[in-house]
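**Q** Predicted coordinates and the sequence they were generated for:
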Amino acid sequence: MNVINHISCICSIGMCAIFMLSVGASVQTVEASSYNEQIDIVYHLYEDGTTVVEALINLSRQTDNTYLTEFSFDLGGKRVSSANATINGQVLTTTQSESSLSVMIPQEFGVQEELSLRLEFDLDALATHVGSVWEVFIPIASSGDDITVTRQQISVITPLSWKSLWYSSHPYERIETTETSMLTRYQLDETRQRNPLSLIYGEDQWYVVSAQYVLTNPSEQKVKQHIALIPDITGYQEMYVKSLEPMPSKLIIDSDQNWLSEYVLEAGETTSITYEAYVRLLKKSPRLVDNSESLVPYTIADTYWESNDPRILDITATMSSAKDAYDYVTSQFTYGSTRAQGDAKRLGAVLALEKKDQAVCMEFTDMTIASLRALSIPARELNGYAYVSKANGVLHPTVSDELHSWVEYYDEQQGWTSIDPTWGATTGDDYFSAFDSAHIVFVTHGISSSLPLPAGSYRLYNDTSRQVDVQVLDAAPAKMTRSWDWLDSYNYAQKPWWEKFWLWVSDLF
């Protein structure tokens, strides 16, 4: 089969920052870090996506020869309106620009060693409705030249109609619910003040996927070839078949639960296959296995996952958990944007150690899996599509289809658990203890490190046309057929007439 025989990999910036909230001050005598700041801030998000912000800002003067004359918020492109600022009940003068808010501080307050400033204002478009979920980006205050932010308490209040919190880029302190809303609270110290807070609310997300496959048989004999359809994965994603043309000669589900469609090609034949399916991604739920012996193959060294190599064993000698392996890869490997935009060849874990600054998702994935397997933690690769809405991210395709790979490891309490070291490294967000609504699985590589090939890889040599298209849906399709029902119908259609007749007679009784 004359196809591209490796996985094209991209990194999309995913739930990355749209903007950063920075704070600054004007002081009479400028010195670095003249003030320490603690912030308690509440974001009220409403059905239409608008936001009302309430902030209590406690400032502590650190030097004797300065006093505060102005306080400012730079909201990096977000429009501020209806601002109100007070100190001890006294209303202060505010100045609003396109994306910033400044407060003039009277001298009688500015000279005080301790100062509490209350702010209220409206802010546009912190939340975006994407398909069935709401994506929210909350700015985290960063220190300015004259102010050091030492602590932040952030409370996010959302309507119950947005349903539960699916993903959070930072660990939250607690969640409270009322009859109409849900409050999620965060306590952030200086170590967590690097990236904005990215949140997803919802319980499922629907996509429609269209894929084109090209198979060719250059030999002089009849051959059987397979393509991988989108799998149905219990507790992670549901697949609903819309169409498959032409129909295959056989459907197979392999030991990694990949759905394989078999076609018989005559000598010299080339055929094109079109596949459309609806995919429903589900909020994370435990996926435990009944037989622990079935996990053994996922701890064995393989091509690209050289878990028995001395260099891998030396690195993992001080590790004891899956989090250790994730932390090592996300901290030691750097994403190679230039390499990602070319036809990147897969290196595998050992070679990736020599090119840590040129890694793409394949190397992040392979090194994580090799490390986990070296620790006897079952692990495998998930390969597919990482959807990012145009407003929130930038895709960097390699060939023409934005394929992505990430990791699934087995946790004794949670079962199979998805993590994405590539996105964890490139965004700084938490993709170990939380996972989003954007990763669609095309194939699972566990027993084999490279087969089957995912959709988007079945193409003639030098063909760079788009083979995969993924679109998010606003709601569940009105008409659809669950994969297992479709499989039952297919299997029934393949039966000889006499067996169909016997089944019909049996149903009568």
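**A** Sure thing, it's come through.

**Q** Test my guess that Leu92 contacts Val103.
**A** Yes: with contacts counted by C-beta atoms under 8 Å, Leu92 reaches Val103, the gap being 5.4 Å. Placement of C-beta: from N, CA and C, glycine included.

**Q** pLDDT wise, what is the closest residue to Glu54 other than its chain neighbours at?
**A** Taking C-beta to C-beta, 6 or more residues apart in numbering as the measure, Glu54 lies nearest to Val42, with 4.5 Å between them; neighbours along the chain are not counted. The score at Val42 is 96. That number is its pLDDT.

**Q** Same check on Ile7?
**A** Each residue has a pLDDT score; the one for Ile7 is 39.

**Q** can you pull out the helices in the stretch 101-250 of the chain?
**A** For the stretch 101-250 of the chain, the helices identified by DSSP state H, counting those that start in this stretch occupy 107-110, in order along the chain.

**Q** Arg118 versus Leu92, what's the distance?
**A** Using C-beta to C-beta, to the nearest Å, one obtains 9 Å as the distance from Leu92 to Arg118.

**Q** Identify the contacts common to the two.
**A** 85-86 (C-beta atoms under 8 Å, 6 or more residues apart in numbering).

**Q** Test my guess that the residue nearest to Glu54 contacts Val53.
**A** Yes: counting by C-beta under 8 Å, Val53 is a contact partner of Val42 at 7.2 Å.

**Q** related to what we said a few turns ago, in a strand, the residue nearest to Glu54, correct?
**A** Yes: read with DSSP: H, G, I helix; E, B strand; the rest coil, Val42 is one of the residues of a strand.

**Q** contacting residues for it?
**A** Contacts of Val42 (C-beta under 8 Å, 6+ apart): 53-55, 155, 157.

**Q** For those residues, pick the one with the most neighbours.
**A** Neighbour count (other C-beta atoms under 10 Å) singles out Val53 as the most crowded of the contacts of Val42, with 22 neighbours.

**Q** what helix or strand does the residue nearest the centre of the chain sit in?
**A** Here the mean C-alpha position of the chain is nearest to the C-alpha of Asp436 (C-alpha atoms, centre = their mean), at a distance of 4.5 Å. Per DSSP states H and E, Asp436 falls between elements, in no helix or strand.

**Q** Look up the closest residue to it, ignoring the ones flanking it.
**A** Excluding the flanking residues, the one nearest Asp436 by C-beta to C-beta, 6+ apart is Tyr167, at 4.4 Å.

**Q** What distance do you get for the one you found to Pro378?
**A** With the distance defined as C-beta to C-beta, Tyr167 ends up 24 Å from Pro378.

**Q** wait, what's in contact with Ala322?
**A** So, once contact is read as C-beta under 8 Å, 6+ apart, Ala322 ends up touching 372, 375, 377, 409, 411, 419, 432.

**Q** If we use 7 Å, what do you get?
**A** Going by C-beta atoms under 7 Å, 6 or more residues apart in numbering, Ala322 touches 372, 377, 409.

**Q** got it, and Trp259?
**A** Under the criterion of C-beta under 7 Å, 6+ apart, the contact list for Trp259 reads 228-229, 231, 253.

**Q** what's the nearest residue to it if we skip its chain neighbours?
**A** Here the nearest residue to Trp259 in space, its sequence neighbours aside, is Leu229; by C-beta to C-beta, 6+ apart that works out to 4.2 Å.

**Q** Could you verify my assumption that the one you found touches Tyr275?
**A** Yes: applying C-beta atoms under 7 Å as the test, Leu229 and Tyr275 come out as touching, 6.2 Å apart.

**Q** Count the neighbours of Gly424 for me.
**A** Around Gly424 there are 23 other residues, counting by other C-beta under 10 Å.

**Q** Please apply the same query to Thr69.
**A** So Thr69, with other C-beta under 10 Å, has 16 neighbours.

**Q** Go ahead and confirm it touches Glu108.
**A** No: taking C-beta under 7 Å as the contact criterion, Thr69 and Glu108 are not neighbours in contact, 11.8 Å apart.

**Q** any chance you could map the strands in the stretch 151-300 of the chain?
**A** Listed from the start of the chain, the stretch 151-300 of the chain has strands (DSSP state E, counting those that start in this stretch) covering 165-168, 174-177, 181-189, 197-201, 204-216, 223-229, 237-245, 250-253, 259-265, 270-282.

**Q** list the buried ones in the third one?
**A** Along strand 181-189, the positions that meet the burial threshold by neighbour count (16 or more other C-beta atoms under 10 Å) are 181-182, 184, 186, 188.

**Q** Arg466: which of those residues is nearest?
**A** Looking at these and their distance to Arg466, the nearest is Thr184, at 38.4 Å (C-beta to C-beta).

**Q** ok, for that closest one, nearest residue in space, not its chain neighbours?
**A** Nearest non-adjacent residue to Thr184, counting by C-beta to C-beta, 6+ apart: Val156, 4.8 Å away.

**Q** wait, what's in contact with that neighbour?
**A** Neighbours of Val156 in contact, by C-beta under 7 Å, 6+ apart: 43, 45, 136, 138, 184, 199.

**Q** How many residues are close by the second one?
**A** Spelled out, that is Leu45. A count of neighbours around Leu45, defined by other C-beta under 10 Å, yields 23.

**Q** longest helix of the chain?
**A** Of all the segments of type helix in the chain, defined by DSSP state H, the longest one is helix 361-374.

**Q** name the helices or strands packed onto that helix?
**A** Using 3 or more C-beta pairs under 7 Å, 6 or more residues apart in numbering; DSSP states H and E, the elements in contact with helix 361-374 are helix 310-316, helix 322-332, helix 349-352, strand 379-386, strand 403-411, helix 421-427.

**Q** which stretch among those comes nearest Ala127?
**A** Closest approach to Ala127 among these (C-beta to C-beta): helix 421-427, 18.7 Å.

**Q** Which is the succeeding secondary structure element to that closest one?
**A** Stepping forward along the backbone from helix 421-427, the first helix or strand reached (DSSP H and E) is strand 439-445.

**Q** Would you mind writing the CA trace of that next one as CSV?
**A** Only the C-alpha atoms of strand 439-445 are listed here, as CSV (Å, rounded to 0.1, in the frame of the first residue of the first chain):
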residue,chain,number,x,y,z
HIS,A,439,-9.2,15.1,21.8
ILE,A,440,-10.9,12.7,19.3
VAL,A,441,-9.4,9.2,19.1
PHE,A,442,-8.8,7.7,15.7
VAL,A,443,-6.7,4.7,16.7
THR,A,444,-5.1,3.2,19.8
HIS,A,445,-1.5,2.0,19.6
